[in-house]
Every structure is written in C-alpha cells, then in structure tokens.
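Student: Build the 3D model from these lines:
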Amino acid sequence: MTARATGIEDLNVYCGLARIPSRLVAERRGLDLRRFANLMMSARSVQLPWEDPVTNAVNAARPVVEALGPAGRDRIELLAVSTESGLDYSKSVASYVHRHLELPPRCRMLEVKQACYGATGMIQLAAGYLARRGDGAKALVIATDVNPMDEHARYAEATTGHGAAAVLVGAPEVLALDGDAVGLWGFETMDTSRPRPDLDVYHADRSLLTYLECLTGSYREFVRKVPSTEFARSFDYLVLHSPFGGMVKAAHRKLMRETCEATTTAAIADDFARRVAPSLTYVAEVGNMFSGSLYLALAGLLGSAPPSASAGARLGLYSYGSGCASEFFGGVVGPDAAGKLAARRIGDRLAARRTLSFEEYEELVPRNRACLVPVADREVDLSDVDGFAGAAGGPVLVLESVEGYHRKYTWR
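Tutor: Model (predicted):
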C-alpha cells in the first residue's frame, strides 16, 4: 500500500476570555522593568473560576470538530490530550473531552504527559499511524493547560497564560510533515516540575540552558538525517516552542551563531525579524500555553499571514518539554492554511477578551491555584459567565460543579 500523505489538517487555539497587561503585573509585583522588556510580552490570558483543562480543550476543539460535519467527526479514531494539568491519577482528561465533543465511541482515548513536548510526540505518532491507513481516518490531538503560578514565580507570572491548541491530524491541508526526517534529543533533568496540583517548581536558569542545549542537539540530529540542511537558507520561517518571545530570540541567536559563518549582530536581528517574529504575534498577547505553546506560535504565523507564509513555504519547528524531551522537524505550509486559520478568527477572539484590573486579577489567583486540587463536592459560581463569554464568539463549555469527584460541565 502506498503511504498516505499526512499532516495537520486543521488547527485552532482557545486562549480564554480574560487578559491582563503583562507590564501591569510586573509593575505591581515590583519587578525590574528593564528585565521585563526582554520578555517581549504585551498581555497574558487569565484563567477564570469556571475554566479548567477540560473546558479549554473542548472550547479549542469544538470549531474544528464542527467544521468536519457528522461524517468527518465519525472518522476521528484517536483522541490524545496532552497536558501538564491532569485532574486525576486514573481517569483521563480525554474521557471528559470525548464526551463533550460527542466523538464516536470507537475512538482511542489517551492522556499523555511530557511537559510541553507531549502534543508534538502524539502528532508525530498519529501521523505515522495514519500514513499507513488509506481510509480517511483522522486523529485529534489537543494540548491543554492551566496556570497555578502566583507572585512567587517572579517573572514567569507575567509571561504565563492558559488555554489549549487543537490539532486535527489527517490530510496535510494546513501543514505537511516531513515524516521520519526529525531530530530528537532528550535526557532526565529537573528544570521544572509540578509535584502538587497547586505547586510549580521552576528553575529559570536551568530551564533556559536545557531548552538551548536541546535545541542544538535536536537540530544536529535533524541535519544528520537531512545533510543538505542550512539553517539560514532551508527554512522560510522558524516556529519554536515559545514560553515568551525573549527565550525564542535567544534560541534563534544561538543557532545562527553556531551554524552560520561571519554572522553579525545586525544580520541576526534582521533574520529574527523576518523569519521568527511573525510566529510570536499571538504569543505576545497570550503568554506561555505550556503544551500548546508551539501550536499557538504556528497559529500566530499562519494567522498573521505574511505573504511569503503562503502555501509551499517551508517551516522549521522546534518542540521542547521540560524534564526533558525535544524535537526539531520540518513542514511545508499546506494549500488551505490561510483559509482554515482565517475561519477560526483567533485574532478577533484575542482582542475581545475582557481586560482585568490588577485587583480583579489578584482576587482570582488563589481560586485558580485551587483549580486542580481534587475535592469531593463543589458548586461553581457562574453568575459572571455571561459577562465574559461573548469573547468566545460562540457557546463555551464551563465547569458547573463537582459531585463525588466527578466534574460536571455545561454549555453557556
């Protein structure tokens, strides 16, 4: 059987209903504003009390699934939810997502975890599986997370968003993947972790150094498989795991210096502005989406639609997950990328988020930190939902209650 061409068939991101200017957080926390400028952040999404990993995942995937129609929905045979924000040691987030997306019962359901890398790993495994199928089967991979960080996270608090990215794997209409031509690099380290549902342990310097080390390692492995690769010439655009823009800028600078002869500071800056900065369009407005970060950046590039990022443009992509695992891979923009991303109206939904005062934000922080902590029973106050839900541009799934540890959701 001839291998089937596979890749990303559709893509959407959901970035919540509320925002706060990142500089306001930095000012009110007394952070050094000279360092803040290096983050390249303008705003960050803020979780609300009725949002959790399930609602984020369903709200991201609903437009993708609905666009398929009943027959297309019935061809989704794999649902994989990648998250650092699991709700239970046994029952997967995917089970809730499967129910509220009304996916067919003959569907594999998995929750996967490898920090921010998990979604990429599942996309590649799904693409390889589907390539051997000739019957139009599809896979839905959703990266979803929430953020328990508070003032103890220092600069990370001002950069951390929340939300989900939904990636439909099937025909390469948005992005054709390069198959086995990938570079993998990973090892055990303790750069970040979440040992309790309400506690993030973050070693900032170690995390940055590991991110950069894995970028070099995974790119060299990619070049070993594709020896003709030239970092400065082989890719029209670069899309990198994007906790915040400053980290991406450092990563690009490192590879330019390692792979390109006689590169000046000005040449590196020009290359960053041309090939990397377009992917940070949404990142600067949302913040770190953890498992969905790379796909928020991809949506930003394709959604901002510079003329040269049209069908046929070649992308170099880098996915990193703490702990750690990484992958450098290539792809070609598909024929329907611009139309699919335009239909999602991501930029409009980001602009429609309600801007919070710092006092409103600070009142939400302890409530958000409790989001993942298991409780037997809970009622969620939904009285403010209607004041925020308009930013979604359609119905949103919200957490309504917890009954006997079973989470209950409703559409608003």
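Student: List phi and psi for the spatially closest residue to A391 that is not a sequence neighbour.
Tutor: Spatial nearest neighbour of A391, excluding adjacent residues (C-beta to C-beta, 6 or more residues apart in numbering): A352 at 4.0 Å. C-beta coordinates here come from the backbone N, C-alpha and C atoms, glycine included. Backbone torsions of A352, given as degrees, to the nearest 10, read phi -80, psi -10.
Student: who's in contact with A352?
Tutor: Taking C-beta atoms under 8 Å, 6 or more residues apart in numbering as the criterion, A352 is in contact with 390-391, 393.
Student: One more pass at 10 Å, please.
Tutor: Neighbouring residues of A352 by C-beta atoms under 10 Å, 6 or more residues apart in numbering: 17, 19, 345, 388, 390-393.
Student: Could you do A267 as well?
Tutor: Counting by C-beta under 10 Å, 6+ apart, A267 touches 232, 256, 260.
Student: and which of those is nearest to A67?
Tutor: Closest approach between the contacts of A267 and A67, by C-beta to C-beta: A232, at 37.1 Å.
Student: and the gap between the spatially most central residue of the chain and S82?
Tutor: When C-alpha atoms, centre = their mean is applied to the chain, the residue found nearest the centroid is G292 (1.3 Å). Between G292 and S82 the computed distance is 8 Å (C-beta to C-beta, to the nearest Å).
Student: Repeat that for V58.
Tutor: Per C-beta to C-beta, V58 is found 15 Å from S82.
Student: Between these two, tell me which one has more neighbours.
Tutor: Using other C-beta atoms under 10 Å as the criterion, V58 and S82 rank with S82 on top: 33 against 26.
Student: and the gap between the more buried one and S45?
Tutor: 18 Å.
Student: and the helix or strand harbouring A158, what does it pack onto?
Tutor: If you go by DSSP states H and E, A158 is part of helix 155-159. On a contact count with 3 or more C-beta pairs under 10 Å, 6 or more residues apart in numbering; DSSP states H and E, helix 155-159 meets helix 22-28, helix 33-37, strand 43-46, strand 199-202, helix 204-225, helix 245-259, helix 283-286.
Student: Just the CA coordinates for that helix, please, in PDB.
Tutor: The C-alpha trace of helix 155-159 is given here as PDB (Å, rounded to 0.1, in the frame of the first residue of the first chain):
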ATOM      1  CA  TYR A 155       9.000  37.000  36.000                       C
ATOM      2  CA  ALA A 156       7.200  33.800  35.000                       C
ATOM      3  CA  GLU A 157       4.000  35.100  36.400                       C
ATOM      4  CA  ALA A 158       4.000  37.900  33.900                       C
ATOM      5  CA  THR A 159       4.500  35.600  31.000                       C
END
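Student: tell me how far it is from the chain's mean position?
Tutor: 17 Å (C-alpha atoms, centre = their mean, to the nearest Å).
Student: Which SSE is immediately downstream of it?
Tutor: Following helix 155-159 in sequence order, the next helix or strand is strand 163-170 (DSSP H and E).
Student: who does that following strand touch, helix- and strand-wise?
Tutor: strand 7-14, helix 53-73, strand 76-82, helix 118-131, strand 138-145, helix 293-304.
Student: List the residues that contact S193.
Tutor: By C-beta under 10 Å, 6+ apart, the neighbours of S193 are 84, 115, 199-203, 322-323.
Student: how about 7 Å then?
Tutor: Counting by C-beta atoms under 7 Å, 6 or more residues apart in numbering, S193 makes contact with V201.
Student: so R275 touches S234, yeah?
Tutor: No: the criterion here is C-beta atoms under 7 Å, and R275 misses it with S234 at 11.0 Å.
Student: Of these two, give the one with the bigger neighbour count.
Tutor: The neighbour comparison of R275 against S234 (other C-beta under 10 Å) goes to R275, with 21 against 14.
Student: separation between that one and I142?
Tutor: From R275 over to I142 the distance is 28 Å, taken as C-beta to C-beta.
Student: before we move on, the earlier item: same list, the helices and strands packed on strand 163-170, but as CSV with mean pLDDT please.
Tutor: Listed next are the helices and strands packed on strand 163-170 as CSV, based on pLDDT from 0 to 100:
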stretch, mean pLDDT
strand 7-14, 98
helix 53-73, 97
strand 76-82, 98
helix 118-131, 96
strand 138-145, 98
helix 293-304, 95
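Student: Go through these and pick out the most buried.
Tutor: Of all those, strand 138-145 has the most neighbours on average by mean count of other C-beta atoms under 10 Å, namely a mean of 29.
Student: picking that back up, just send the helices and strands packed on strand 163-170 back as TSV, with distance to A176 too.
Tutor: Output for the helices and strands packed on strand 163-170, formatted as TSV (distance: least, C-beta to C-beta, whole Å):
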stretch	distance to A176
strand 7-14	4
helix 53-73	18
strand 76-82	19
helix 118-131	10
strand 138-145	15
helix 293-304	13
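Student: so which of the ones you listed comes closest to A26?
Tutor: Checking the helices and strands packed on strand 163-170 against A26 by C-beta to C-beta gives helix 293-304 as the closest, at 20.3 Å.
Student: How about residues contacting the closest one?
Tutor: By C-beta under 7 Å, 6+ apart, helix 293-304 touches 11, 13, 116, 119-120, 143, 165, 167, 237, 239-243, 278-283, 286, 289, 309, 317, 319, 337-338, 341, 346-347.
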